[in-house]
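Chemist: please work out how this folds:
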Amino acid sequence: MSRELETDQYPYLTPSDQLIKVINAVKVQGIHFKGTLVDAEFGNKQVVGHCVTHNESLLVRMKSNTRVEYCGEEMNLKSLLSHVPRTCCHSYPKLNWRAKRIAVRYDGHAVDILVIWRNIKGTWSAFFPLEHVPASNVIGRTDPSLESSLGDRSHP
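Modeler: Model (predicted):
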């Protein structure tokens, strides 16, 4: 809602504020859900920070100019591609994709970036979902101490 339409009953909220409000309302109602899936406009520090801080699963497509920290170096996701050539990624022949999970820091939060290369009509391009899945939400895992053991899995 725009600020012009704001009332006491319907206060103005940014899209990120509204998304967080909905996530919290779902939890308060006792509705069980495994996580939140959102597109790039919600891939911001506020939403990612909320989900990481509250141990909630999140999958969001990030823009290629998003800045992350990888191996102690700050870079945008497009620059991350030089560290993750498609030849070192797992092949998914049925999809004509190649993918690799990379541990990064985004605004100080430990998250994963899925570098997904896709071949469309002979041209390879990449996109970058950001993923945060607490160990307690991974099927077959109930021990939160396992979360720290997942950290080293992605460095080339």
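Chemist: what segments of the protein are helices?
Modeler: In the chain, the helices defined using DSSP state H lie at 15-28, 45-53, 77-80.
Chemist: the last one - contacts with which helices or strands?
Modeler: Meaning helix 77-80. Counting contacts by 3 or more CB pairs under 8 Å, 6 or more residues apart in numbering; DSSP states H and E, helix 77-80 is packed against strand 67-70, strand 109-120. C-beta coordinates here come from the backbone N, C-alpha and C atoms, glycine included.
Chemist: strand partners (parallel or antiparallel) of the last one?
Modeler: Strands flanking strand 109-120 in the sheet, each with its direction: strand 97-106 (antiparallel), strand 123-132 (antiparallel) (DSSP bridges).
Chemist: which pLDDT value belongs to Pro11?
Modeler: pLDDT, Pro11: 78.
Chemist: now it. Its backbone dihedrals?
Modeler: Main-chain dihedrals, Pro11, degrees, to the nearest 10: phi -70, psi 150.
Chemist: show me the contacts for Arg98.
Modeler: Shown in contact with Arg98 (CB atoms under 8 Å, 6 or more residues apart in numbering): Arg86, Thr87, Cys89, His90, Ser91, Tyr92, Ile116, Trp117.
Chemist: give me the pLDDT for the fifth one.
Modeler: The reference is to Ser91. 95.
Chemist: against Leu19, how distant is it?
Modeler: For Ser91, the distance to Leu19 (CB to CB, to the nearest Å) stands at 34 Å.
Chemist: these two: who's more crowded?
Modeler: Leu19 (20 against 13; other CB atoms under 10 Å).
Chemist: from memory the more buried one sits against Leu37, does it?
Modeler: No. Judged on CB atoms under 8 Å, Leu19 makes no contact with Leu37 at a distance of 11.2 Å.
Chemist: nearest to Ser57, of the strands paired with strand 109-120?
Modeler: Closest approach to Ser57 among the strands paired with strand 109-120 is made by strand 123-132 (6.5 Å; CB to CB).
Chemist: tell me the buried residues in that closest one?
Modeler: Ala126, Phe127, Phe128, Pro129, Leu130, His132 (16 or more other CB atoms under 10 Å).
Chemist: before we move on, what about stretch 53-62?
Modeler: Glu56, Ser57, Leu58, Leu59, Val60, Arg61, Met62.
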